[in-house]
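>>> Give the three-dimensional model of this entry:
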Amino acid sequence: MSDQMQPAGGRQDRRGLSEAELQELVASSDSGSRNPPGSVGLLIAATALIWSAFQVLLASPVVYYVLPSDIINNSRQVHLAFAMFLAFMAYPALSSSPRHRVPLQDWALAIFGAFVALYGFFFYDKIVNNGGLADNMDKWFALAGIIVLFEAARRALGPAMAIVATVFLLYVFFGSSPWVPEVIRWKGASLQKAMSHMWITSEGVFGIALGVSTKFVFLFVLFGALLDKAGAGNYFIKMAFGALGHLKGGPAKAAVVGSAATGLISGSSIANVVTTGTFTIPLMKRVGFTSEQAGSVEVASSVNGQIMPPVMGAAAFLMVEYVGISYVAVITHAFLPALISYIALVYIVHLEAVKRNMPVIGHKTVSTLRTVLGMFFFFAGFAALCYGIQYPISWVVALVPEGASWVLAALVFLAYVVLLKLAASVDDLHPDDPNAKDVQLPEIAEIYKSGLYYLLPIVVLVYFLMIEQKSPGLSAFWATALLIAILLTQRPLKAIFRGESETVAAIKAGVNDLAHGMIDGARNMIGIGLATATAGIIVGTVTLTGIGQVMADLVEFVSGGNLVFMLIFVGILSLVLGMGLPTTANYIVVSSLMAGVVVELGAQSGLIVPLIAVHLFVFYFGIMADVTPPVGLASFAAAAVSGGNAIKTGFTAFFYSLRTIALPFVFIFNTDLLLIDVTWAQGIMVFIVSTIAILVFTAGTMGYFITHNRIYESIALILVSFILFRPDFFMNQVQPPYEFVQPAGFVSAIGDAAPGSEIKVNLKGPDFDTGNTTETTILITTGDESGGEERLSALGLTTIDEGGVLKLDEPFPGTPFFEQLSNFDFYADEPVVIETAQLEADQLPKELMFLPGFLLLGLIYALQRGRAGRSARQEEGVPA
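Numbering: from 1, shown residues only. Okay, the predicted model is just below:
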């Protein structure tokens, strides 16, 4: 290793935490730092193991043959009972509390917490006989349950979650008090009514969020824990380093790709930072990154793991329930922004390396182009495998329709055995020492065989999710079942293939791996289970008090009705709340309060914002809280590894994550980025142009393109990225996208429009709740009917022309606009009227705006290329 590869001294020589201290950091955040020895520790492990087994059984196809229907119907209560019991057993009350024993009061809280979580199960018949309402005894147990839940959440998630939920609960009780500002005041609720809503029914704690945690999230977290225990995490990191480590800034580029891969395994950004960062951060420092920069790259790449489908933490599953679209649709919409965000992060690292002229590791001479093409063909081949496997499967089903599932299971196991035999032909992979004097890059040709079988469970997961379109829970079950088989058999089968005699020891080691993986998965779920349950209090408050409408009025007042200002307000709210809440809880809280508000106020501004776009907007800003000082936990974890300053690491990571902040604003206004209503050909073009746009944006914000930018070049590059991201904005300035239609000619204009045309209609009328005049915009797509009245009738709309005023009747129930227009009072004295209508106009393709964008980009390239050439000649002593 050359001298220039050594740390530059000063801050970079500071050592981070030891491996044991780092694992303690992850445990205290994710799985609980208490591991008492002896029988108590065995009880905690056994409880976690039973919880995992219960959740696997709950997701399996045979659940109705094995578990009683009462248990299945009350699975949310059972899920929370496990989480509550383990929270008090595994998480100490205070930093000074004992770690090697469980105090008596924690035993009492753990047992009582489990009991009160199961209260609805134990007293189900009584509650049903009361009409689902709490009686005097129920309300006190429910109140006690909420208090114990808040304490469990405080231990596992920090105080912010419990404080926010407490504030919302106090609002339920005291929202009618005179000291509450009139703008948010409501009539209040009795203790009995509030406890019925929050604990007895499925509107509060046991609502949608906890149901998603029970049905879907646990299986995916367990899948990740088992995949990691099988050794896939180390394999992914080694493959990333083998592919990218030889490039300029190679360790950082490998950190980005490795973190993207391990994001599939770990839904925790902190665990991801520590898992990959202990290897990547020291190597980044060796090639010239400062401690803070190295930590920031790891933070940015690890946190982004939560936006990468198919798992996306727990948010993808929650979006299915909240938005009302399929899981496949959610991850389809989320895929492109996540992908180009990672591409931009690799480019950020590249620009840092080029600016600092960093050395490379090793002596490989593979070109960057060849590396990029190699990675592209690998991922394309993997995607083709996941997609193409449906054809041989269909042939098997056609040949043996009755026993197809058994034949397919045997074929999958045969493929596993073949790949495992291939893995047994090479040595097992072991973690490298990043502080070794001479770092040897892994050779892809030598190591790829050792872990190809890790891809099988991922193929099974993707196949069931994307091709078969089974439920996420069932898909994760089959992938997890295969992983269980792999953990039990990989060691003994390798021993047999290698001719080793210690087969019995290998079998025991496999059983041990499986047990530890199941325990780790359950302990990693404690915080998520409690977060979704506690967030149910906030959701329950919204549904009970109607504060959502109050928030809409407040946001409209603060933003002045301007959609951009409103989005900035929502983004700031997500960041502030996220500083103390885990990502999942932050997403639940902010989306419950603000998603509908953004859609409603956007409609009032004349912009139709898809609900999925708003939910992704909230989610993107929620994950940024793990980065943002002063509380960004991932930044503190990275600083603990690197030995750098945590606050400076957080600010640097925030700067590296600017593209994660910019993208949500883009896809709110340009839904093509979410692949909404685009064809395959359009989708490919959107991907290519969006990738160029995000790279140009990165070059503009990083101050470096071909060479160091001048100020006007950075501004021009950001302008180019805006043109490429929003060509419609500029085309609309040249040619308006809609032409106004007078209300008197509205019906005939709809009848004359070509089928499939879009008409934006602005409606004005009395609000159903307040009686105040409100406005909204709807988008009507014309059908194939013969006339305007017939086309409106097919949509459930009826208009009445009275003296030039076009009134609208209430839409028919079950028709497309019935729910959307339910906020209007159609029976008030003031009618609901059509204020304006805009018919889709003939407009040139917005893609024409790419031409001036690319011309400006070419001009900047030529300027910088010439300047870079002159600088190079001057350095060589050649006259310019």
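>>> Against Leu58, how distant is Ile778?
Relative to Leu58, Ile778 is positioned 41 Å away (CB to CB, to the nearest Å). Every residue, glycine included, has its C-beta placed from N, CA and C.
>>> distance of the closest residue to Val354 other than its chain neighbours from Phe121?
Of all residues not flanking Val354 in the chain, Lys248 sits nearest, at 6.3 Å (CB to CB, 6 or more residues apart in numbering). Lys248 sits at a distance of 59 Å from Phe121 (criterion: CB to CB).
>>> Neighbour count for these two, which is higher?
Applying other CB atoms under 10 Å to Lys248 and Phe121 shows that Lys248 carries more neighbours, namely 20 against 17.
>>> Was I right to think that one contacts Glu352?
No - under the criterion of CB atoms under 8 Å, Lys248 is not in contact with Glu352, lying 9.4 Å apart.
>>> got any residues that touch both of the two?
Contact criterion CB atoms under 8 Å, 6 or more residues apart in numbering; residues shared by Lys248 and Glu352: Met358.
>>> How is the chain partitioned into domains?
Listed domain ranges for the chain are 675-735+845-880, 738-840 (source: automatic domain parsing).
>>> Is it possible to get TSV of those that adds mean pLDDT and mean neighbour count?
Shown next, in TSV, are those (pLDDT from 0 to 100; neighbours: other CB atoms under 10 Å):
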stretch	mean pLDDT	mean neighbour count
domain 675-735+845-880	91	16
domain 738-840	87	16
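>>> Tell me which of these lies nearest to Ser559.
When these are ranked by proximity to Ser559, the top entry is domain 738-840, at 15.2 Å, counting by CB to CB.
>>> Off-centre distance for the closest one?
With CA atoms, centre = their mean, to the nearest Å as the basis, the distance from the averaged C-alpha position of domain 738-840 to the chain average is 37 Å.
>>> now stretch 162-171
Between the mean C-alpha location of stretch 162-171 and the chain-wide mean there is a distance of 25 Å, by CA atoms, centre = their mean.
>>> in that stretch, what counts as buried?
Ala162, Val164, Ala165, Thr166, Phe168, Leu169, Tyr171 (16 or more other CB atoms under 10 Å).
>>> got a list of what the residue nearest the centre of the chain touches?
With distances taken as CA atoms, centre = their mean, Met312 lies nearest the centre of the chain, 3.2 Å away. Neighbour list for Met312: Gln306, Ile331, Ala334, Phe619 [criterion: CB under 8 Å, 6+ apart].
>>> From Val590, how far off is it?
From Met312 over to Val590 (counting by CB to CB), the distance is 16 Å.
>>> my read: Val330 touches Tyr322, true?
No - the pair Val330 and Tyr322 fails to qualify as a contact (CB under 8 Å) at a distance of 10.0 Å.
>>> so Leu806 sits in a helix?
No - assigned with DSSP: H, G, I helix; E, B strand; the rest coil, Leu806 falls outside any helix and is strand.
>>> Return the distance of it relative to Pro831.
10 Å.
>>> Next: Val400.
With distances taken as CB to CB, Val400 is found 65 Å from Pro831.
>>> low-scoring stretches of the chain, by residue?
Along the chain, segments meeting pLDDT under 70 span 1-32, 262-269, 310-311, 313, 362-367, 434-436, 439, 578-580, 630-631, 876-880.
>>> Could you list every helix and strand in contact with the longest helix anywhere in it?
Under DSSP state H, the helix in the chain containing the largest number of residues is helix 503-545. Contact analysis of helix 503-545 by 3 or more CB pairs under 8 Å, 6 or more residues apart in numbering; DSSP states H and E lists helix 38-59, helix 75-90, helix 136-157, helix 159-174, helix 208-212, helix 218-230, helix 472-497, helix 583-590 as its packing neighbours.
>>> What angle do helix 136-157 and it make with each other?
For helix 503-545 and helix 136-157, the angle between their directions (axes from the mean of the first three to the mean of the last three CA atoms, to 10 degrees) works out to 120 degrees.
>>> and helix 503-545 with helix 218-230, angle?
Using the same axes, to 10 degrees: helix 503-545 against helix 218-230 is 150 degrees.
>>> Would you confirm that Phe697 contacts Ala344?
Yes - using CB under 8 Å, Phe697 and Ala344 qualify as a contacting pair, with a distance of 7.4 Å.
>>> which residues do those two both contact?
By CB under 8 Å, 6+ apart, the residues touching both Phe697 and Ala344 are Arg659.
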